[in-house]
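Chemist: Output the structure for:
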Amino acid sequence: MAVQPVDLTGGESVYCINQAQLARAFELADADGEGGPRIRAALAELEQGLSRNERAALAFVLIDRLLRTAQGR
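Modeler: Reported below is the predicted structural model:
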């Protein structure tokens, strides 16, 4: 039985990511310094080892953990 993709477009908004934040994330990931290669390597490993649904779940969990850490929760 095939697993249905997770719909990422429906429901109430929870996290807002603005265009500047997204652009900065891409800049960091594409950079040649220390962080860029590590980010690209992690992405390649995750994209190879996880399904689309698993990657989506991981993305949301990471964003939530970052927000909780920033807010001192």
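Chemist: SS state for the residue nearest the centre of the chain?
Modeler: When C-alpha atoms, centre = their mean is applied to the chain, the residue found nearest the centroid is A59 (3.5 Å). Three-state call for A59 (DSSP: H, G, I helix; E, B strand; the rest coil): helix.
Chemist: could you measure it against A2, distance?
Modeler: In this view, A59 and A2 are 22 Å apart by C-beta to C-beta, to the nearest Å. C-beta here means a position set from N, CA and C on the backbone, and glycine is covered the same way.
Chemist: go on, A57?
Modeler: The gap separating A57 from A2 is 18 Å, by C-beta to C-beta.
Chemist: If you count surrounding residues, which of the two has more?
Modeler: Between A57 and A2, counting by other C-beta atoms under 10 Å, A57 is the more crowded of the two (13 against 4).
Chemist: give me the number of residues near V14?
Modeler: If we define neighbours as other C-beta under 10 Å, then V14 has 9 of them.
Chemist: Next up, the contacts around it.
Modeler: Applying C-beta atoms under 8 Å, 6 or more residues apart in numbering to V14 gives no contacts.
Chemist: Tell me, what's the model's pLDDT at the residue nearest to the centre of the chain?
Modeler: Note for A59: predicted pLDDT of 92.
Chemist: hey, where'd the strands end up in the protein?
Modeler: With DSSP state E as the criterion, the chain has no strands.
Chemist: Do a quick rundown of the helices in it.
Modeler: Secondary structure of the chain (DSSP state H): helices at 19-30, 35-49, 52-70.
Chemist: by how many degrees do the second one and helix 19-30 diverge?
Modeler: Taking axes from the mean of the first three to the mean of the last three C-alpha atoms, to 10 degrees, one finds that helix 35-49 is oriented at 90 degrees with respect to helix 19-30.
Chemist: Then the last one?
Modeler: An angle of 110 degrees separates the directions of helix 52-70 and helix 19-30 when computed by the same axes, to 10 degrees.
Chemist: That concludes my questions; thank you for your assistance.
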